[in-house]
Structure formats: C-alpha cells, structure tokens
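Engineer: Okay, predicted coordinates and the sequence, questions at the end:
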Amino acid sequence: MGSFEMVHKSQCQNPSRSYSGEKEYYSRCPVKGENDHSFDRMGIKYDNSEFVVPSARNTSNRSVCDFNEQEAASVLLSLAGRNSSVNRCTVDEMDRLSNTTACPTKSIKSKWNSSSKSKCSKSCSLESVKRSYTAKGFSPKIASIISNARKQSTQTVYNARLKLFDSWCQERSINPSTSTVPEIAEFLMFLHTVKNCKPSTLAGYKSALALIHSSKDRISINMDLRNLIKGLYNINPPIRQLAPNWDLSLVLLVLTKTPFEPLEEAELKYLTLKTVFLMALASAARVSELHSFTINDKHFRKEQRGIRLLPNMQFLAKTQTLNKPWEPVFIPKFENYATDPNDLLLCPCRALLAYIKRTEILRKSQRLFITYQKNHHVEASKNSIARWIVDTVKYAYDHANTDTLQFVRAHDTRKLSTSWALFNGLSSQEILKAAHWSNETTFTSYYLKDVPDLESRFAKAAILHTANRKQKKY
C-alpha cells in the first residue's frame, strides 16, 4: 500500500497522472498547454541553442497541482510508487526555464500569499478579540460583552487603525498578528513620517496593535517601542497653542446685535446658532454631550432659577465611568446676576426657552437640537452642532472690524469657558464638576489657557464676566 501525503484538494484538477521514481528533484513546475493537460515529467533538449519542452505523456497515481486555484479543504491521496527511467530536469535546468515557465515555488515559500492575506485581514480587527475570548472558553455571549468594555467610539478608532496596519503589512508581506517589534517600529515611523502622526497618536496605534497581536503583553509594555515614541517626542516636541486665536468677548458682543436680536424676530438659523453657542459656553459640554440632550420630560426640567438637563441615558460620555453616574447640567437664568441690560441678551436659559418654543411645532425628533432647514427639521448630528459653533465665530469675525479669523474649532468653547471661569473667580473644583473632568491635571494641562449661588457660578463666570470686558475693548 502506498504512503499518504496531504495535498490541497482544489489544487488538483486532473486525476492521478504522475509518478515517483528512484530520485526526485524539487522545484518541478506544472506547465499548462493549450488543452491544459498535465505532464508526466519535464525533460530538456537543446535545439539551436533554445530550450524545448518535449511533449508530455500521461501517467497515473499522482496529481499535478494548479497553484493558482483558490484554497480549499485538504484531502489525503494515495501515492502508489512507480519507477520510471525518463530523465527529469535538474534544479539548474529549471532555473534556466524560469523565463518560459511559471513556477510557483516562490509563492509557496512566501509567508503572505493570497489566502493568508484574507485570513489575517479578518484577524486584524477587534472582531478577532471577541474570538480570542471564545477560544479561552467563554461563551459567545460573555465574549461579546467583554469585547464591549471599550466604548463604541474607541472601537471605531481602533478598527480604523488596525485596517491601516493590515494594509501596510500586506504591501510588505507581513502577518499582522505575528509581526516583530522591529516591523511594528517601522510601521510607527511610517505613520510619523508619511501620515504626520504625533507621538500621542502613535501611542494609540500601539495600544490598538497590542489587542490583535499574538504577543499582546510583549507589544503593550515593550520598552523599545515606548522609547521610540518618547524619542520622537523629544526630537520634535508638540507646539501647544496658548489660547484659541479668536476673541470670545467679540463673539458675545455680536450675539447681542442683529440678526441674533431681537430674539423673537430672529430667523431660526440665527436663533439656533446663538442657542447652541451659549449652551456650549454655559455648560462647558463637549459636542457629543450637546448632541445627547433631549426634551423628553425625564431629561428636561424647567425650574424657578433655570433649566436642568440630563443627557439621554443611552449616551456614554467620554469620561463617564461605572461608579460615576452622569450628573445633570444646570442652565441658569441671568435675571438675578446681570448688571447691564445687554447682559440679559446673553442669557443661555432665555435663548434655550425661545428655541424650544420656536421649534415645538416643527421638530420631528425628541433631541434638543434639530436642523433648521425648511421642511427638514430632524435630529441634528454631532457634526452639524460642531459646524454651528464654528459658523457663529466666523460670522462674528466677518461682521466685525478686526483681523481675519485664521482657525477655529468647536472644542474651543470648552477651553475658553473653563479658562474664563477660573480667571473670573470660580474654583477649580467647580470647574471640574461643570466640565465633567476627573482630576485637575486634565484642566491645567490641556484647557487652562493664558487669557486675560454655586450651580449658577460657572455660566455666570464664563459668559457674563467675559461679556463685560467687551465694552472696554470694542
């Protein structure tokens, strides 16, 4: 009985037609003719200094494999040994034939062929993390819950980064899950030099790669990769802007004039821009938090001194933790704090009440902010809210006799409101609570900018005291 050998079943197109002899040479290449017949062997003869492949004879009991076929399950084929006296081509002769015959030897030895690309592409995502928990013995349900320990926004970012890494690896014939530390270092340098990624971004990529790598701990705590990122930081330290390049007091001054006032006569577009901008300042909320507010009775409550808002319970804030529930946001009335009649024009509670009344019969969503386009008053996206904040600042600069605005971001309102609140006498603890920061380091390191009744103090300090400075400057 012949021996058994594992071969690929989809690779074998013809019934067993080859043979085994006393002496075998490796690197024998299948040759396809017009009729796609298999050959029993490849002999060489010379005719006028040219190589000629002789005609083939049919044999049996072995298969000739077509390596271009797609991968499928493997099967066992019986190999019946037979002797043959016909010459075979030697390795050197085969090398000389390489220009006329397509030999798959290199593709066999390659560690990154087409089938492995497909497999590793599937493994180079957070879905593979879920499968790894299942492999450890967890039920699919528990594995799914564990994999959701990271918020959806984080998963989206990680998957995008892993997709880029997978593409980079494919171009270089590297398996992402078994890539070496030097190869990962090359990828990080690629991100830094080609994609202009900062060291902090590279650290995020390293964290994502550690999740899908076969040696997770070795990648996450590897000192060489850490020192690479640290070295890039030391060579080219980031330049942090001391303050946004736009003047908050100028924007507040413009909001007290046409077309934003009188509020009852303002177009819905300008009413929306003003309300969103003042809400962002009064609450120091992120755009995602502004987007989560709703007018549902359980999350929107009118009080004697203002309005209390609670984000949709399905919303998870960026800094929200398991043991720290989300606290309501209080938007105060400025009636008891305004020292100037024009200050009432900047009351966020007044603008919010007017906005809700105007949109009551128009809205098609329970979310607080809706789009202002005619006959299309649906839930506003986070991108729309961010754009409205930027548009408000741009409008103020376009209609003021001042320097041209260079750059503005929606997140600047969070930076400026917290900084002004501190310089206007609010304690750091009250700022941390209003902005939902876990510790003072976050505020002092990233948001403390170099700019010249408790629940109401933040909005009062961020808007009123800042607005009063506009009279001296403009």
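Structural biologist: Done, it's in. Numbering: from 1, shown residues only.
Engineer: Every contact and neighbour count from this point should use C-alpha atoms.
Structural biologist: Noted.
Engineer: Go ahead and name everything in contact with stretch 157-168.
Structural biologist: Residues outside stretch 157-168 that contact it (C-alpha atoms under 8 Å, 6 or more residues apart in numbering): 120-121, 124-126, 176, 187, 205, 208-209.
Engineer: how about the strands in the protein?
Structural biologist: Remark: strands assigned in the chain by DSSP state E are 3-8, 45-47, 50-52, 74-79, 300-303, 306-309, 329-332.
Engineer: Comparing those strands, which yields the minimum mean pLDDT?
Structural biologist: Note on the strands of the chain: strand 74-79 shows the lowest mean pLDDT, a mean of 38.
Engineer: Show the average pLDDT along stretch 361-379.
Structural biologist: 90.
Engineer: should've said stretch 139-151
Structural biologist: Here the average pLDDT along stretch 139-151 is 88.
Engineer: Quick check: nearest residue in space to K230, chain neighbours excluded?
Structural biologist: Among residues not flanking K230 along the chain, P199 sits closest, at 7.3 Å (C-alpha to C-alpha, 6 or more residues apart in numbering).
Engineer: isn't that neighbour right next to I229, touching?
Structural biologist: Yes - with contact defined as C-alpha atoms under 8 Å, P199 and I229 form a contacting pair (5.5 Å).
Engineer: circling back to that earlier point, residues contacting the residue nearest to K230?
Structural biologist: Applying C-alpha under 8 Å, 6+ apart, the residues near P199 are 192, 229-230, 232-233.
Engineer: try L368
Structural biologist: Listed by C-alpha under 8 Å, 6+ apart, the contact set of L368 reads 291-295, 356.
Engineer: Swap in 7 Å and give it another go.
Structural biologist: 293-295 (C-alpha atoms under 7 Å, 6 or more residues apart in numbering).
Engineer: and I145, how many neighbours?
Structural biologist: By other C-alpha atoms under 10 Å, the residues close to I145 number 11.
Engineer: is it possible to export the contacts of stretch 157-168 to JSON lines including distance to L255, neighbour count and pLDDT?
Structural biologist: As requested, the contacts of stretch 157-168 are arranged in JSON lines below (distance: C-alpha to C-alpha, whole Å; neighbours: other C-alpha atoms under 10 Å; pLDDT from 0 to 100):
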{"residue": "C120", "distance to L255": "55", "neighbour count": "20", "pLDDT": "47"}
{"residue": "S121", "distance to L255": "52", "neighbour count": "21", "pLDDT": "53"}
{"residue": "C124", "distance to L255": "50", "neighbour count": "26", "pLDDT": "72"}
{"residue": "S125", "distance to L255": "47", "neighbour count": "23", "pLDDT": "80"}
{"residue": "L126", "distance to L255": "46", "neighbour count": "21", "pLDDT": "80"}
{"residue": "P176", "distance to L255": "53", "neighbour count": "25", "pLDDT": "92"}
{"residue": "F187", "distance to L255": "48", "neighbour count": "19", "pLDDT": "97"}
{"residue": "Y205", "distance to L255": "42", "neighbour count": "22", "pLDDT": "95"}
{"residue": "A208", "distance to L255": "44", "neighbour count": "25", "pLDDT": "92"}
{"residue": "L209", "distance to L255": "47", "neighbour count": "26", "pLDDT": "93"}
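Engineer: Name the nearest residue to A386, sequence neighbours excluded.
Structural biologist: Closest to A386 by C-alpha to C-alpha, 6+ apart is A410, at 5.1 Å.
Engineer: Number of residues surrounding that neighbour?
Structural biologist: Applying other C-alpha under 10 Å, I find that A410 has 21 neighbouring residues.
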